[in-house]
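1. build me a model:
(2 chains)
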Amino acid sequence: MAEINYDKLLAKFEHPIRKPSRSWWILMAIMLLFLLIGVFALIQQIVHGHIVTGMRDHVVWGVFIVNFIYFLGIGYAGAILACVFHLTRLRWTKPLHRIAELFAIIGSCIGPIFIFLCIGRLDKIHYIFTYARIQSPITWDVIAIVTCLILDFTYLYIAHIRDFAKLRDTKVFKLPAWKKKLYTKLSLGYDGRPEQIKKLNRAQNILAATIIPTAIFAYSLLGYLFGMSLRPGWHSTLFAPEFVLVSLYSGIALLIVLMWVYRRRYQLVNIITDQHFYYSGYALFLLSAGFGYFTFSEYITEWYNVSVTHGKWISKFFDFSEYGGMSLITILFAIAIPLIVLLIPKFRSPDSITFVSVLVLIGLWFKRYLIIVPTLETPYFPIQEIRPEYVHYQATWIEWALTLAGIALGVILLMIFNTLAPVVPVAEMEHEDEITVPKPFYHSIK
Amino acid sequence: MVGNYQNLFIKNTIAIRLVILFLVLSFIPVFGQDEPLRVFMYLNYYQTDDDQYLETELKYRQEGNFIQLEGVKVDFYLEKDSSDIKLGSGVTELNGKTRLHLKDYTIQKDSSGFAHYYSQFNGSDAYKKAQKSLSIKEIDFSLESEIVDSIPTLTVKGYEKSGTDKSPIEDADLQIFVKRLYSDLPIHSGSIEDGLFSYEFPKDIPGDASGDLWIIARITDHDDYGTVETREKIRWGQPVSFVLEQKPRALWSRAPLWILIGFWVAFILVWYHYFFAISKLFGIKKL
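-> Numbers count the residues shown, from 1 in each chain, chains lettered A, B, ... in the order given. Next up, the predicted model:
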């Protein structure tokens, strides 16, 4: 059984923790360029108003709200995964904790930015609080999102304390003085004494146990926001559980993609092993089957006993001049291909599982688009005598630029977090090794 | 292990390539040469008490739907025996329509009193040329109100104009409307005969606070006259008081108790645990 040398493991993260590498700066420059294009688009939107977007009187939500739901779903999934991994003490998941924690916080930060981009009168945003009505799902959602964000940030910090202490004391590489000072402050004087370990574990356990129901409820609230509206396709009791399942599905997919990226970038083949991919692949398989089941239930129920407006709405998903193509992509990317590739052992490998995960992430973005736009284009009151662009939503370059800027911001935040701490919780893994036998399986793989 | 991992990768490259090929094939667009689209043109004439104008509308057909053609130039002409006179041009708006007001022009008519107009779109790379013509005879159209035996009675008069001569309209369908907030409310249909139409106006139509009503008589889309209307403000309506009544909220003016209890219990539980966890962190620092 091979032992892991944790100093050597920490040394793998010298760049970017001590000093970011050249490739880090190049990637950062590219992402900043996308962000700048987004800032330019935002200035256009502020100067000219929302007329520069594809949103109009009837289709009042577009790509921005799709991104809001998408990023928030990823964020909540990250939080739930990190906390479930922690509370269940699944030892093989240890190297994945940090990745889940990171995209939890990034998704929860970027999602709400897109809701601000949707709002026409940002100068009246404080009305959400000053005129809040506790019986309104919007109020519940605002409170839930803010609460989750605070809980996630605190959990992320608590989960980092051991690594901050390790970096403070490390002699593996020489850190700049300012960074040493920063780690000294952030580590709260932690040096691994039993009382400190006990208190830290307790804080982390309590917070993890609080985050799981809060995140599930917060994302369900988004589902309720739609489900409580009387619109074709939205007014469904399935929405909240489907939202949670889709959130976890996209979260697992992103986890696998990031596992693949970090494994290659930091040569972590013996830490993030093939087995990690297979186990995550099983989860992906179950969630794709669940998602397929929800999608089938949704369509068959709406299609079978249909009213005029619902008929119009559902027919758009099978009409290739409307949303037939997008529906097909969703079904192929998020249901058919994952099920085929993950079901047949011959097709299963870390690369194929990662490839499928990328398809899932794309397919689930389209799924969110299909939830929002076709419904808004099919109101109960017929739309008459109106300009065509009011009836059919078409996203403009402003919305695409801001979408890319959102993704770029996510990558930038991830890269900045990577300069602060290793992408696997080195100190926590080392601590577990010291107190437990047998060793986790990542020890047995070279 | 690395070797094993590479074998797995090689085995799966065929599957991955097949999936990529399938995806690439799904996205290959179908190329076709675009031909100019046929344009449908409509031309109408409108006459009101203080305006006369021609209005043209352009549409094209795409995937079975008519779509208004916006932002193209349309020329308006008056036909004459020897040569046509260009009256002016307009650019179609978002609704595919543009107008030419005729009040400032001296319109020459033929011996029967008809003016012959046509509108023309010269076409482009994307759209075919289109033309539409229309012959219109100008009329005098007026509305008079009087109380006859305590019954409010409307009289509509219509005369064809031919130079300085006037002759009564023989027969034309007309409608009486009352102006409402968004559109005109039709209240009666009839026909004008020998230049006259008479109608006993109902007494129960709501007016404004003073009982004033805008009453409209309109001939719509007539072959010879186009759309002609006249309107008059008359105090024949029922005065309506517009005192706004404060109404309670339709949905839960106050939050139900179970929501309040549920919300505060969840809120307190979450934040209690949060601050409990934070207190443990302070404990670490103190040790």
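2. what residue in the stretch 51-200 of chain B comes nearest to chain A?
-> Closest residue of the stretch 51-200 of chain B to chain A, CB to the nearest CB: B:L94 (5.2 Å). C-beta here means a position set from N, CA and C on the backbone, and glycine is covered the same way.
3. count of neighbours near the residue lying closest to A:A82 once chain neighbours are set aside?
-> Nearest residue to A:A82 in three dimensions, chain neighbours excluded: A:A100, at 3.9 Å (CB to CB, 6 or more residues apart in numbering or on different chains). Applying other CB atoms under 10 Å in any protein chain shown, we find 25 residues neighbouring A:A100.
4. and A:L42, by the same measure?
-> Neighbours of A:L42 (other CB under 10 Å): 15.
5. show me what contacts it?
-> The contact partners of A:L42, taken as CB atoms under 8 Å, 6 or more residues apart in numbering or on different chains, are A:L117, A:L402, A:A405.
6. now with 7 Å?
-> A:L402 (CB atoms under 7 Å, 6 or more residues apart in numbering or on different chains).
7. B:N122 now?
-> Counting by CB under 7 Å, 6+ apart, B:N122 has contacts B:K129.
8. at 10 Å what do you get?
-> B:V72, B:K73, B:V74, B:D75, B:K129, B:A130, B:Q131 (CB atoms under 10 Å, 6 or more residues apart in numbering or on different chains).
9. out of those residues, give me the one that has the most neighbours.
-> B:V74 (27 neighbours).
10. next up, the contacts around that residue.
-> Here B:V74 is in contact with B:41, B:43, B:54, B:56-58, B:88-92, B:97-100, B:119-122, B:130-132 (CB under 10 Å, 6+ apart).
11. out of those, which are buried?
-> B:41, B:43, B:54, B:56-58, B:90, B:92, B:97-100, B:119-121, B:130, B:132 (16 or more other CB atoms under 10 Å in any protein chain shown).
12. next, see if stretch A:418-425 gets close to chain B.
-> No: judged by CB under 10 Å from any CB of the partner chain, stretch A:418-425 and chain B are separated, with a smallest distance of 17.0 Å.
13. quick one: buried residues of that stretch?
-> Applying 16+ other CB under 10 Å to stretch A:418-425 flags A:N418, A:L420, A:A421, A:P422, A:V423, A:V424, A:P425 as buried.
14. so which strand or helix has the first one?
-> This means A:N418. Assessed by DSSP states H and E, A:N418 sits inside helix A:397-420.
15. ok, and for that helix, which residues are buried?
-> A:398-399, A:401-415, A:417-418, A:420.
16. so which elements touch that helix?
-> Judged by 3 or more CB pairs under 10 Å, 6 or more residues apart in numbering or on different chains; DSSP states H and E, helix A:397-420 is in contact with helix A:14-17, helix A:22-48, helix A:63-88, helix A:97-118, helix A:137-169, helix A:177-186, helix A:239-265.
17. mind giving me the packing neighbours of the shortest one?
-> Applying 3+ CB pairs under 10 Å, 6+ apart, one finds that helix A:14-17 makes contact with helix A:22-48, helix A:397-420.
18. what angle do the first one and helix A:239-265 make?
-> Spelled out, it's helix A:22-48. Using axes from the mean of the first three to the mean of the last three CA atoms, to 10 degrees, the direction of helix A:22-48 lies 140 degrees away from that of helix A:239-265.
19. enumerate the beta-bridge partners assigned to the residue nearest to B:K103 when sequence neighbours are not counted.
-> Among residues not flanking B:K103 along the chain, B:Q52 sits closest, at 5.9 Å (CB to CB, 6+ apart). B:Q52 has these beta-bridge partners by DSSP bridges: B:Q47.
20. I'd say B:Q52 and B:I107 touch.
-> Yes: applying CB atoms under 10 Å, one finds B:Q52 in contact with B:I107, separated by 8.6 Å.
21. what is the burial count for the closest residue to A:G73 other than its chain neighbours?
-> Closest residue in space to A:G73, ignoring its immediate chain neighbours: A:S247 at 3.7 Å, by CB to CB, 6+ apart. Per other CB under 10 Å, the neighbour tally for A:S247 reads 31.
22. fine by me, thanks again.
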